[in-house]
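1. model this:
(one chain, ligands or ions: 1)
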Amino acid sequence: MAIKDKIYNPEMECMSREELTKLQGERLAKTVKLVYDNVPTYRERMDAKGVKPEDITCLADIVKLPFTEKTDLRDQFPFGLLASPKEKIVRIQGSSGTTGKPIVSGYTEGDVEVWTEMVARALSAAGCTNEDIVQVCYGYGLFTGGLGAHQGATRLGAMTIPMSSGNTQRQIMMMNELGSTILMCTPSYAAYLGESIREAGLVPGKDIKLKAGVFGAEPWTEEMRKQIEELLGIDAMDIYGLTEIGGPGVAFECFNKHGMHVNEDHVIAEIIDPITEQQLPYGTPGELVFTTITKEGQPMLRYRTHDICTLYNDPCPCGRTHVRMGRITGRTDDMLVIRGVNVFPSQIEGVLVGIEGVAPHYVLVVDRVNHTDTLEVKVELTEEMFSDTVSHIEKIQKKITEQIKSVVGIMAKVTLVPPKSIPRSEGKAKRIIDNRKL
Ligand code: DLL
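-> Below is the predicted model of the structure:
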């Protein structure tokens, strides 16, 4: 199904590179002055580097600025990085992270407005109009997924259903009865919903009216896209964002589905070498770094996301001029080092989803036995394969083992487990159990 891509704000989204560079430079200079004058952490960092706000006059000057890390948000929790007075803050969003201590971000009314438009742009690119019924199954709360999606869908005048995450049976019932046309949730939950819909005997296209899905908040692959599109009979689009920068909508896919346009009139994206911290050219994978240039509440200078991806600046047939970011292929901090080999969970997922008979549900268990790292890949069989012959199942096991060895370079123990035995997640999927850290 080809979706109809509509550009929400052509003036900004299709601006010439020359104009955009000028605009980014001006907005950067303004942001730098704002944080220098109001946030002690930034002032101290810039002073230490001998940089004054007057030194930042154009986009190229960004390399003079210091980086910011998640630890800065933790250290300054909750309000230490605010650049606007508390009376101007109308919203707090946050994320718990993996280490327990949350990080929060304060939004002014203007920030909420910018964020709303970013999600509206993403939904427009997925064909959403006021004729659509948008079912939001991202969690509502401090997590930016639910409210972010909700605001964007409402902005387009769509009938918005704030389901939040969980209660799959109720999700399906509402989807069926209300005739939801656009689904917003994590890709892993979309796959689970797709399976559950089929199990319930409902037929996509007939009982389920979905035409598109806007999925993000966790890494996924092209193969997973195909599976979700087939299961639900939809176009599945990628959306990226992070709490620190403003939530979902920082970047989103157009109908060409080859990278997510970064909303460059609101953020500056850079790719750096994580070790040398030097900028890398378009087309080279590295760590994604964002600077907000319209945020008033809690602007971020050169925030290191630790997400690994590539930026592309070749023209996109959709007409948008903003650079595109490729899929997140890993995180500098999620990378597993197993027997000295760098392993990204996405590489293993890429192998698994290309093999018939296994479901897109897996978990990687890393351990250390007799001082040697071990990797076990537990993956679910589909219902049909589960009742197949033992020799056929063994063949699949062998195939997965060989392909992992060839793609990742290490021998893994592959365990095929019964359908539905790997716990499902309603939000972000937990794919790694690293027992070495315990
Ligand atoms: O996950 C915001 C969001 C909500 C994005 C809904 C898209 C849809 P955080 O909880 O702060 O915010 O997590 C941010 O999630 O640094 C990436 O590692 C990962 N992530 C987000 N979107 C994608 C995506 C939200 N499309 C962290 N592909 C980011 C891969 C993603 N990873």
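
2. which single residue of the protein approaches the ligand most closely?
-> residue 216 (3.0 Å; Cβ to the nearest ligand atom). For glycine as for every other residue, the C-beta is placed from the backbone atoms N, C-alpha and C.

3. show me the contacts for residue 285.
-> 271, 308-310, 326, 329 (Cβ atoms under 8 Å, 6 or more residues apart in numbering).

4. and the biggest helix by length in the chain, what does it pack onto?
-> Ranked by residue count, the top helix of the chain under DSSP state H comes out as helix 17-38. For helix 17-38, the packing partners by 3 or more Cβ pairs under 8 Å, 6 or more residues apart in numbering; DSSP states H and E come out as helix 40-49, strand 286-292.

5. let's see it at 7 Å
-> If contacts are counted by 3 or more Cβ pairs under 7 Å, 6 or more residues apart in numbering; DSSP states H and E, helix 17-38 sits against helix 40-49.

6. once you drop chain neighbours, what's closest to residue 144?
-> residue 247 (3.0 Å; Cβ to Cβ, 6 or more residues apart in numbering).

7. pretty sure the one you found contacts residue 241?
-> Yes: Residue 247 is within contact range of residue 241, at 4.9 Å (criterion: Cβ atoms under 7 Å).

8. those two: who's more crowded?
-> Neighbour count, other Cβ atoms under 10 Å: between residue 247 and residue 241, residue 247 has more, with 29 against 26.

9. low-confidence ranges, the protein, go.
-> Low-confidence segments of the chain, defined by pLDDT under 70: 1-3, 97-100, 437-438.

10. hang on, residue 165 in a strand?
-> No: Residue 165 sits outside any strand when classified using DSSP: H, G, I helix; E, B strand; the rest coil, being coil.

11. that one touches residue 427, doesn't it?
-> Yes: Residue 165 is within contact range of residue 427, at 5.4 Å (criterion: Cβ under 7 Å).

12. can you list residues touching both of these two?
-> Residues touching both residue 165 and residue 427 by Cβ atoms under 7 Å, 6 or more residues apart in numbering: residue 139.

13. picking that back up, which phi and psi does the nearest residue to the residue of the chain closest to the ligand once chain neighbours are set aside have?
-> Spatial nearest neighbour of residue 216, excluding adjacent residues (Cβ to Cβ, 6+ apart): residue 239 at 3.8 Å. Per-residue torsions, residue 239: phi -140, psi 140 (degrees, to the nearest 10).

14. which residues does residue 239 contact?
-> Residue 239 is in contact with 122, 214-216, 248-249, 252, counting by Cβ under 7 Å, 6+ apart.

15. let's see 10 Å
-> Contact analysis of residue 239 by Cβ atoms under 10 Å, 6 or more residues apart in numbering lists 118-119, 122-123, 125-126, 145, 148-149, 152, 184, 213-217, 248-253, 260.

16. quickly list what it is bridged to.
-> Judged by DSSP bridges, the bridge partners of residue 239 are residue 216, residue 252.

17. before we move on, back to that, need the residues touching each of residue 247 and residue 241.
-> Common neighbours of residue 247 and residue 241 (Cβ under 10 Å, 6+ apart) are 115, 118-119, 144-145, 148, 217.

18. tell me which residues in stretch 48-66 are buried?
-> Judged by neighbour count (16 or more other Cβ atoms under 10 Å), stretch 48-66 contains these buried residues: 51, 53, 56, 59, 62, 65-66.

19. for that stretch, C-alpha coordinates in PDB please.
-> The C-alpha coordinates for stretch 48-66 follow below in PDB (Å, rounded to 0.1, in the frame of the first residue of the first chain):
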ATOM      1  CA  ALA A  48      37.100  26.300  30.600                       C
ATOM      2  CA  LYS A  49      37.400  26.000  26.800                       C
ATOM      3  CA  GLY A  50      37.900  29.800  26.400                       C
ATOM      4  CA  VAL A  51      34.800  30.200  24.300                       C
ATOM      5  CA  LYS A  52      32.400  33.100  24.700                       C
ATOM      6  CA  PRO A  53      29.000  33.500  23.200                       C
ATOM      7  CA  GLU A  54      30.400  36.100  20.700                       C
ATOM      8  CA  ASP A  55      32.600  33.400  19.300                       C
ATOM      9  CA  ILE A  56      29.600  31.500  18.000                       C
ATOM     10  CA  THR A  57      28.300  33.300  15.000                       C
ATOM     11  CA  CYS A  58      27.600  30.600  12.400                       C
ATOM     12  CA  LEU A  59      26.900  26.800  12.100                       C
ATOM     13  CA  ALA A  60      30.600  25.900  11.600                       C
ATOM     14  CA  ASP A  61      31.400  27.400  15.000                       C
ATOM     15  CA  ILE A  62      29.600  24.500  16.700                       C
ATOM     16  CA  VAL A  63      32.800  22.500  17.000                       C
ATOM     17  CA  LYS A  64      34.100  25.100  19.500                       C
ATOM     18  CA  LEU A  65      31.400  24.100  22.000                       C
ATOM     19  CA  PRO A  66      31.700  21.600  24.800                       C
END
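
20. and that stretch, how far from the chain's centre?
-> Taking the mean of its C-alpha atoms, stretch 48-66 sits 29 Å from the chain's own mean (Cα atoms, centre = their mean, to the nearest Å).

21. which other residues reach it?
-> Identification of contacts with stretch 48-66 by Cβ under 10 Å, 6+ apart yields 20-37, 41-47, 72, 268, 270, 272, 277-279, 289, 291, 293, 301-302.

22. pretty sure residue 74 is in a helix, no?
-> Yes: assessed by three-state DSSP, residue 74 belongs to a helix.

23. find the nearest non-adjacent residue to it, please.
-> That would be residue 101: by Cβ to Cβ, 6+ apart, it lies 5.3 Å from residue 74.

24. kindly report the residues of the stretch 101-250 of the chain close to the ligand.
-> Taking Cβ under 6 Å from any ligand atom as the criterion, the stretch 101-250 of the chain approaches the ligand at residues 138, 143-145, 216-219, 238-243, 247-248.

25. likewise for the stretch 301-438 of the chain?
-> So the stretch 301-438 of the chain meets the ligand at 305, 307, 328, 331 (Cβ under 6 Å from any ligand atom).

26. if you set the cut-off to 8 Å instead, what comes out?
-> Residues of the stretch 301-438 of the chain lying close to the ligand (Cβ under 8 Å from any ligand atom) are 305-307, 327-328, 331, 334, 428.

27. residue 267: neighbour count?
-> Counted with other Cβ under 10 Å, residue 267 comes out at 25.

28. for it, give its distance to residue 292.
-> 6 Å (Cβ to Cβ, to the nearest Å).

29. the stretch 101-250 of the chain: strands as residue ranges?
-> With DSSP state E, counting those that start in this stretch as the criterion, the stretch 101-250 of the chain has strands at 103-108, 133-136, 159-162, 182-185, 212-216, 235-242, 247-253.
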